[in-house]
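Q: structure for this input, please:
(one chain, ligands or ions: 1)
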Amino acid sequence: MSRTVLTFGTFDVFHVGHLRVIERAAQQGDRLVVGVSSDALNLSKKGREPVFSQAERLAIVAALKPVDEVFVEESLELKRHYIETYAADVLVMGDDWAGRFDEFEDICEVVYLPRTPAISTTALIEKISAGTF
Ligand code: CTP
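A: Numbers count the residues shown, from 1 in each chain. Okay, here's the model as predicted:
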């Protein structure tokens, strides 16, 4: 039987850490669905507007070879709803969230993957703004 994997993220200023987590998430099953945080969710979560709009971020993630389907994640509180809607067998999150989603182990497998070291969207924006690149 086919295994559906679900993962989430903002994927703003797309970088190799994003690519690696998507590639490794896809290896956990047969079909990869990605929830991309809405602009409003990103603003409330990170306190700033994303550099690229949700439509642009969705288009970038949807174009990746390992990605089968994308949708806009409107709220952090809707994880259970999304797991059920997309019939996910596995929820994959970066290990910056380790333990935070264990409550969903009643309906799917929950896997935390190590982050790619030394790169993040926030660090990239700060370096570019400071002119230290
Ligand atoms: N991610 C990763 N390795 C990195 C950066 C991100 O594996 N170096 C993963 C995160 O764990 C998450 C996904 O990529 O599963 C999307 O993360 P996101 O928050 O969009 O990216 P960040 O670069 O962490 O963004 P920010 O600095 O704004 O928090």
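
Q: the closest residue to residue 49 other than its chain neighbours and the ligand: what is the separation?
A: Distances taken as Cβ to Cβ, 6 or more residues apart in numbering place residue 43 nearest to residue 49, at 5.8 Å, with adjacent residues excluded. For glycine as for every other residue, the C-beta is placed from the backbone atoms N, C-alpha and C. According to Cβ to the nearest ligand atom, to the nearest Å, residue 43 stands 12 Å off from the ligand.

Q: just to be sure, residue 43 is in a helix?
A: Yes: the assignment for residue 43 is a helix, going by DSSP: H, G, I helix; E, B strand; the rest coil.

Q: how many residues are close by it?
A: 13 (other Cβ atoms under 10 Å).

Q: just give me the neighbour total for residue 16.
A: 9.

Q: quick check, the residue nearest to residue 49 in contact with residue 37.
A: No: between residue 43 and residue 37 there is no contact under Cβ atoms under 8 Å: 9.6 Å.

Q: contacting residues around the strand or helix carrying residue 56?
A: Taking DSSP states H and E as the criterion, residue 56 maps to helix 54-62. Taking contacts as Cβ atoms under 8 Å, 6 or more residues apart in numbering, the residues outside helix 54-62 that touch it are 10-12, 14, 22, 34, 36-39, 42, 50, 52, 67, 69-70, 72.

Q: which of the residues you listed are buried?
A: Neighbour-count burial (16 or more other Cβ atoms under 10 Å) is assigned, among the contacts of helix 54-62, to 10-12, 14, 22, 34, 36-39, 42, 50, 52, 67, 70.

Q: which among those gets closest to residue 132?
A: The nearest member of the buried ones among the contacts of helix 54-62 to residue 132, counting by Cβ to Cβ, is residue 12 at 19.5 Å.

Q: residues of the chain that sit close to the ligand?
A: By Cβ under 6 Å from any ligand atom, the residues of the chain that approach the ligand are 9-11, 17-18, 21, 46, 93-94, 96, 115-116, 119-122.

Q: nearest to the ligand among those?
A: residue 94 (1.7 Å; Cβ to the nearest ligand atom).
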